[in-house]
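> Sequence and predicted structure below; questions after.
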Amino acid sequence: MSKLGALHLTKHTGVKHTATVIFFHGSGSSGGDIMEWPYTPAGGQMSNVWFDRAYITPDVPEKLNSIASIETEVKNLIRKENEAGIPSNRIIVGGFSMGGTLSFHTGYRWDRNLAGVFVFSSFLNKNSIVYEDLKKSPGGNLPPLLQIHGNSDDLVYLEWGQATFDNIKELGVSGEFHIMEKLGHSLNKRGMNLIKSFIEKHLPEQ
């Protein structure tokens, strides 16, 4: 297993670095630094995933030991940004599918001082520890949420995403839920433009 690290996609242009966006990809994708786990939904085969889960459905318990392992890595990643002069309120986290689920844990459990959270085609389990943590320590300034989901998604169903949004909103998170017409389990340009606008709104230039 490798340690998480930043993957810089642009060269330094001389402009001062004042904010950071961390994007967590979906299961099976790849990145410069990524955890490799035996993944239960893939028959126990090794796969590029952030944590293990019993099945891709909200009806099963979360594998909390696996999630706790990636928690340390994510916190270290944010800490490195903080040490480089980027406070948490100048950091947005987001992701696609499993990466979006990880973003829920990051923004509403591990660092609630973040500037925002965005998720695309993602969900939380029905009795998620994210909900439990929000119930235990309600109130405060929680990061705003942008959630996007395709209505033709046949892997992570729209109703799972909608239920997640409804639950997390009831627990004090403010945000927006956008449905993408005729979109399956994938990203699209309209959704990415919504994310771009969300980032520009919550990470204004300094």
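Noted; the coordinates are in hand.
> which SS state does Val74 fall under?
For Val74, the reduced secondary structure class is helix; criterion used: DSSP: H, G, I helix; E, B strand; the rest coil.
> Is it in contact with Thr106, as I believe?
Yes: contact status for Val74 versus Thr106: in contact at 5.5 Å, counting by C-beta atoms under 8 Å. All C-beta atoms are positioned from the backbone trio N, CA, C, and that covers glycine.
> Tell me which of these two has more neighbours.
For Val74 versus Thr106, neighbours defined as other C-beta atoms under 10 Å are more numerous around Thr106 (27 against 20).
> check which helix or strand covers the residue lying closest to that one once chain neighbours are set aside.
Spatially, and ignoring its direct neighbours in sequence, Thr106 is nearest to Val93 (4.8 Å; C-beta to C-beta, 6 or more residues apart in numbering). Remark: Val93 resides in strand 91-96, with elements defined by DSSP states H and E.
> now Ser69
Using DSSP H and E, Ser69 falls in helix 64-83.
> what's the angle from that helix to strand 91-96?
140 degrees (axes from the mean of the first three to the mean of the last three C-alpha atoms, to 10 degrees).
> Tell me how far helix 64-83 lies from the chain's centre.
Relative to its chain's centre, helix 64-83 lies at 13 Å (C-alpha atoms, centre = their mean, to the nearest Å).
> just stretch 126-144 next, same as before
Between the mean C-alpha location of stretch 126-144 and the chain-wide mean there is a distance of 15 Å, by C-alpha atoms, centre = their mean.
> Just the buried positions in that stretch, please.
Going by neighbour count (16 or more other C-beta atoms under 10 Å), the buried part of stretch 126-144 is Lys126, Ser128, Ile129, Val130, Tyr131, Asp133, Leu134, Leu142, Pro143, Pro144.
> Correct me if wrong: the third one contacts Asn65.
No: counting by C-beta under 8 Å, Ile129 stays clear of Asn65, with 11.7 Å between them.
> Are there helices or strands packed against the helix holding Ser69, and which ones?
Contact here means 3 or more C-beta pairs under 8 Å, 6 or more residues apart in numbering; DSSP states H and E; on that basis helix 64-83 packs against strand 20-24, helix 98-105.
> just how off-centre is the first one within its chain?
Yep, that's strand 20-24 we're talking about. 9 Å.
> Just the mean pLDDT for it, thanks.
This predicted structure assigns strand 20-24 an average pLDDT of 89.
> Would you mark the buried spots in that strand?
Thr20, Ile22, Phe23, Phe24.
> starting at the chain centroid, how far to the helix or strand hosting Ile168?
Counting by DSSP H and E, the element that carries Ile168 is helix 158-170. Offset of helix 158-170 from its chain centre (C-alpha atoms, centre = their mean): 15 Å.
> Over to stretch 102-115?
Using C-alpha atoms, centre = their mean, the offset of stretch 102-115 from its chain centre is 8 Å.
> With adjacent residues omitted, what lies nearest to Leu155?
Ranked by C-beta to C-beta, 6+ apart and with sequence neighbours excluded, the top spatial neighbour of Leu155 is His185, at 4.2 Å.
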